[in-house]
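*Asks:* Can you look at this prediction? I've put the sequence above it.
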Amino acid sequence: MSNFRITRSWIPELRIIETRRFADDRGHFSETFSQSALADDGFDAPFVQDNQSLSRATGTLRGLHFQTAPFAQDKLVRVIAGSVWDVAVDLRRSSPTFRQWYGLELSAENGLQLLVPVGFAHGFLTLESDTIVAYKVTAPYSGANDAGVAWDDPDLAVGWPLPVAEPVLSDKDRNLPRLAHAALFD
Ligand SMILES: Cc1cn([C@H]2C[C@H](O)[C@@H](COP(=O)(O)OP(=O)(O)O[C@H]3O[C@H](C)C(=O)[C@H](O)[C@H]3O)O2)c(=O)[nH]c1=O
C-alpha cells in the first residue's frame, strides 16, 4: 500500500492528498511529501521553495492569493499545528468551473494536504489559535507578481466558516480587488 492516497475534488484539477500514519506508543510517523507519488498521479512540476506561516489568532484569514505569470505557482499545502479551512478558487476564464471555489479542513489532526495548481487563488481561515501552515511552491516568490482577489467578493461567495465576527486580515488582504478587477488566467 502506498503511503499516499491522492483523490480529486469536484473541481478535478484540485488534488486532495491523504498521508498514511504509522502509529505506535511514541506517537506516529508519516511521510509528508513524495515526488514519485505525485508523478504517478500526473503531477511532475518541481517544487522550488518551502513556505511556513504561523497565525496566532483563531479567525486569521490569509488570501485569496496567487502569483501572475511568469511566477505563477502550484502550491502543496498542509497544516503542521492547528487547523484551517483551506480554499482554492478557479480563476481560469476558460474553465467550466471559473469563479467556483472548493474548501476543506486541513489540520495537524487529519494530516490532509491540498494541491492547488496554477490558475487558482488560494487562501485559508484558521480554526484554532497558533496554527502553522507549511506549503511547497513551484515558483519562487516575486513581489511584483504577487496578486489576489478579495476574500469576501460576493461574486465568489466563498463559504468561510468564520469562527469570529471579523477575520484577522493583513492590510494587503483588506484591500485586494474584487474578481472583476483582478488579474485572471486564460
Ligand atoms: C509569500 C511570501 C511572502 N514573503 C514576504 C512578503 C511579506 O513581506 C511577508 C508576508 O507576506 P504575505 O503577507 O503575502 O504572507 P501571507 O499573507 O501569509 O501570504 C501567503 O499566504 C497565502 C495563503 C498564500 O497562498 C500565499 O502563498 C502567500 O501569499 O513575507 C516572502 O518573502 N516570500 C514569500 O514567498
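*Replies:* Arrived safely, thanks for sending.
*Asks:* tell me which parts of this structure are close to the ligand?
*Replies:* Residues of the chain lying close to the ligand (CB under 6 Å from any ligand atom) are Asn51, Ser53, Arg62, Gly63, His65, Lys75, His122, Gly123, Phe124, Tyr141, Ser170, Lys172. For every residue, glycine as well, the C-beta is placed using N, CA and C.
*Asks:* tell me, how many neighbours does the second one end up with?
*Replies:* The tally of other residues near Ser53 (other CB atoms under 10 Å) stands at 13.
*Asks:* so after the helix or strand that contains it, what's the next helix or strand?
*Replies:* Element membership for Ser53, per DSSP states H and E: strand 49-55. Following strand 49-55 in sequence order, the next helix or strand is strand 61-67 (DSSP H and E).
*Asks:* Can you tell me what sits against that following strand?
*Replies:* 53, 55, 72-73, 87, 89, 91, 120-126, 133, 139, 141-142, 145-151, 156, 158, 160, 167-170, 173, 176 (CB atoms under 8 Å, 6 or more residues apart in numbering).
*Asks:* quick one: contacts for the nearest residue to Leu115 once chain neighbours are set aside?
*Replies:* With sequence-adjacent residues excluded and distances taken as CB to CB, 6 or more residues apart in numbering, Leu115 is closest to Arg15, at 4.0 Å. Arg15 is in contact with Ile6, Thr7, Arg8, Ser9, Asp41, Phe43, Leu114, Leu115, counting by CB under 8 Å, 6+ apart.
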